[in-house]
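Enquirer: fold the following, please.
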Amino acid sequence: RTRRARSMGKRRKPDAQTLLETRADAGAIVGALLRSASAKRKGSSIKALTLAASVKHKKATHAVVMETIKHVRAMKSLFGSIGGDLAAVMGADEGAGGDGLTAAEWRARGDGFVYAYELLFGASRQLTNWRGRDGGDILTPEHVEALTRALEKAMSKAKVTTAAAFAERFSPDNGGTVRYSRTARVNTLKISVNDALDAFREEGYECAVDGLIDTLLVFPAGTDLHAHALVKDGRVVLQGRASCLPAAALNPEKGWACIDGCAAPGNKTTQLAAMVGKEGGVYAFDADAQRLKRLKENARTTGSDAIIRAKCQDFLTVDPEAETYASVRALLLDPSCSGSGTEVNRGDIMLRHALGDTGDGDDDDDASRRSSHVRVFNAVRAIIQCGDDDDDDD
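Expert: This is a model prediction of the structure:
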């Protein structure tokens, strides 16, 4: 603990290459989140995007993405005050939504928001060296000058002396940032809860078993476990409490066959696998091939690949009368993704709030179809279906 504390006290600033790589990855992620928010659909969580194999500096990228999103409303007000081509490109002028934008244009918009955040509110070091994917400027020198002047003018009008104080005026209820505990689920296929608890405590970590979910460990806010050996080899899974609740409520017995109808990227799927054990099985469905690939990787890491039968298929097309599923006793359907749906780590939801969008979806028909479909599995004894809001939760 002493060595860890000393190293934290002497944390080095990232070099120029690290800054460039972090900002480039952050721009791509913000662009993807903006695209999801504009389409009013559920995109991947910030956690899933920043933990992707292609992201080189995961912790730093996560921090930049989160801060950029928190400042979106403040930046849009500045883009709007400038007007012209910059407001149009960044979606800040009236009627400039995202209809018809290409993937490259969404990426450019994401880069623009990250660049503006770093310029106005973050660490502007080495910022001029960052170029877009086409080699051109993320924001032109004229745009940079206009943004700087717009911020100074806005601060003067708001009678504040710092950029941070100006941005705070756009925060919901002007409230402070809430810090949530770090949670990690013990994968009982590989290690017992007591052994995991002892291992962490021997290394000086402060942790305890959650009061509701007996395989979940709770750590102080800010605890970084991403590089820990127990996490990397799948003995422990970084998973939020909300994400653990659906499977805990389903509570399948050892040896049961289950279905996870919206499975990828697989935290709840591997949780179900640990609950039913090697005597049971989990049929995992997801229509997204890339996300299903991630699920299979997680299954291998957690040692549950022999328990999980993953298939790239829309759950609504699964034949409930097929002999394969005759033994299924429990069914989990969480299309809204409870774990990443909490506002603290769900980027598309945070953006909808930041952009003044209620995020009301138009997928009531799909929800109704799912509700009907799950009840056709005759042998099922337990169903957990999670909706998009409190009125839809079953």
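Enquirer: let's verify the closest residue to residue 277 other than its chain neighbours: helix, strand, or coil?
Expert: With CB to CB, 6 or more residues apart in numbering as the criterion, residue 277 has its nearest non-adjacent residue at 4.9 Å, and that residue is residue 254. For glycine as for every other residue, the C-beta is placed from the backbone atoms N, C-alpha and C. When the structure is reduced to helix, strand and coil (DSSP: H, G, I helix; E, B strand; the rest coil), residue 254 reads as coil.
Enquirer: distance check, residue 254 against residue 267.
Expert: From residue 254 across to residue 267, the span is 20 Å (CB to CB, to the nearest Å).
Enquirer: compare these two (neighbour count), which wins?
Expert: Per other CB atoms under 10 Å, whichever of residue 254 and residue 267 has more neighbours is residue 267, with 26 against 10.
Enquirer: can you pull the pLDDT of the spatially most central residue of the chain?
Expert: Nearest to the geometric centre of the chain sits residue 45, at 2.1 Å (CA atoms, centre = their mean). pLDDT for residue 45: 72.
Enquirer: and residue 48, by the same measure?
Expert: pLDDT, residue 48: 78.
Enquirer: count the neighbours of it for me.
Expert: For residue 48, the neighbour count with other CB under 10 Å is 21.
Enquirer: swap in residue 197?
Expert: Applying other CB under 10 Å, we find 17 residues neighbouring residue 197.
Enquirer: give me the phi and psi for it.
Expert: The phi and psi values for residue 197, taken as degrees, to the nearest 10, are phi -60, psi -50.
Enquirer: picking up where we left off before, any idea how far the residue nearest to residue 277 is from residue 332?
Expert: Using CB to CB, one obtains 16 Å as the distance from residue 254 to residue 332.
Enquirer: and what of residue 132?
Expert: According to CB to CB, residue 132 stands 42 Å off from residue 332.
Enquirer: check residue 183 too.
Expert: Applying CB to CB, the value for residue 183 to residue 332 is 19 Å.
Enquirer: okay, these two: which has more neighbours?
Expert: Ranked by neighbour count (other CB under 10 Å), residue 183 and residue 332 place residue 332 first, with 27 against 23.
Enquirer: for the host helix or strand of the more buried one, packing partners?
Expert: When elements are defined using DSSP states H and E, residue 332 is found to belong to strand 328-333. Strand 328-333 is packed against helix 241-250, strand 257-260, helix 364-374, strand 382-385, with contacts defined by 3 or more CB pairs under 8 Å, 6 or more residues apart in numbering; DSSP states H and E.
Enquirer: rank the ones you listed by pLDDT, which is bottom?
Expert: Taking the mean pLDDT of each of the helices and strands packed on strand 328-333, the lowest value is held by helix 364-374, a mean of 60.
Enquirer: which stretches of the stretch 101-250 of the chain form strands?
Expert: The residue ranges that make up the strands of the stretch 101-250 of the chain, judged by DSSP state E, counting those that start in this stretch, are 182-186, 208-209, 216-219, 236-238.
Enquirer: the longest one pairs with which strands?
Expert: Read that as strand 182-186. Strand 182-186 has the following sheet partners, assigned by DSSP bridges: strand 216-219 (antiparallel), strand 236-238 (antiparallel).
Enquirer: just how off-centre is the first one within its chain?
Expert: Using CA atoms, centre = their mean, to the nearest Å, we find the averaged C-alpha position of strand 216-219 to lie 19 Å away from the chain's own average C-alpha position.
Enquirer: rounded mean pLDDT for that strand, please.
Expert: If you average the per-residue pLDDT over strand 216-219, you get 95.
Enquirer: equivalent analysis for the shortest one, please.
Expert: Taken as a whole, strand 236-238 has an average pLDDT of 95.
Enquirer: swap in stretch 170-187?
Expert: On average, the pLDDT along stretch 170-187 is 69.
Enquirer: what about it, how long is it end to end?
Expert: Its first and final residues considered, stretch 170-187 spans 41 Å by CA to CA, to the nearest Å.
Enquirer: over to stretch 208-221?
Expert: End-to-end distance of stretch 208-221 (CA to CA): 13 Å.
Enquirer: shaky segments in the stretch 201-350 of the chain?
Expert: Judged by pLDDT under 70, the stretch 201-350 of the chain has its weakly predicted residues at 335-350.
Enquirer: which residues in it form helices?
Expert: Listed in chain order, the helices found in the stretch 201-350 of the chain under DSSP state H, counting those that start in this stretch are 229-232, 241-250, 267-276, 289-302, 347-354.
Enquirer: just send those back as JSON lines, with distance to residue 49 too.
Expert: Listed next are the helices of the stretch 201-350 of the chain as JSON lines, based on distance: least, CB to CB, whole Å:
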{"stretch": "helix 229-232", "distance to residue 49": "18"}
{"stretch": "helix 241-250", "distance to residue 49": "16"}
{"stretch": "helix 267-276", "distance to residue 49": "15"}
{"stretch": "helix 289-302", "distance to residue 49": "11"}
{"stretch": "helix 347-354", "distance to residue 49": "7"}
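Enquirer: what's the closest of those to residue 112?
Expert: Ranking the helices of the stretch 201-350 of the chain by proximity to residue 112 (CB to CB) places helix 347-354 first, at 14.3 Å.
Enquirer: show the subsequent helix or strand relative to the longest helix belonging to the chain.
Expert: Secondary structure of the chain read by DSSP state H shows that its longest helix is helix 16-38. Scanning the chain past helix 16-38 towards its C-terminal end, the next helix or strand to appear is helix 46-50 (assignment: DSSP H and E).
Enquirer: how distant is that next one from the center of its chain?
Expert: Worked out by CA atoms, centre = their mean, helix 46-50 lies 4 Å from the chain centre.
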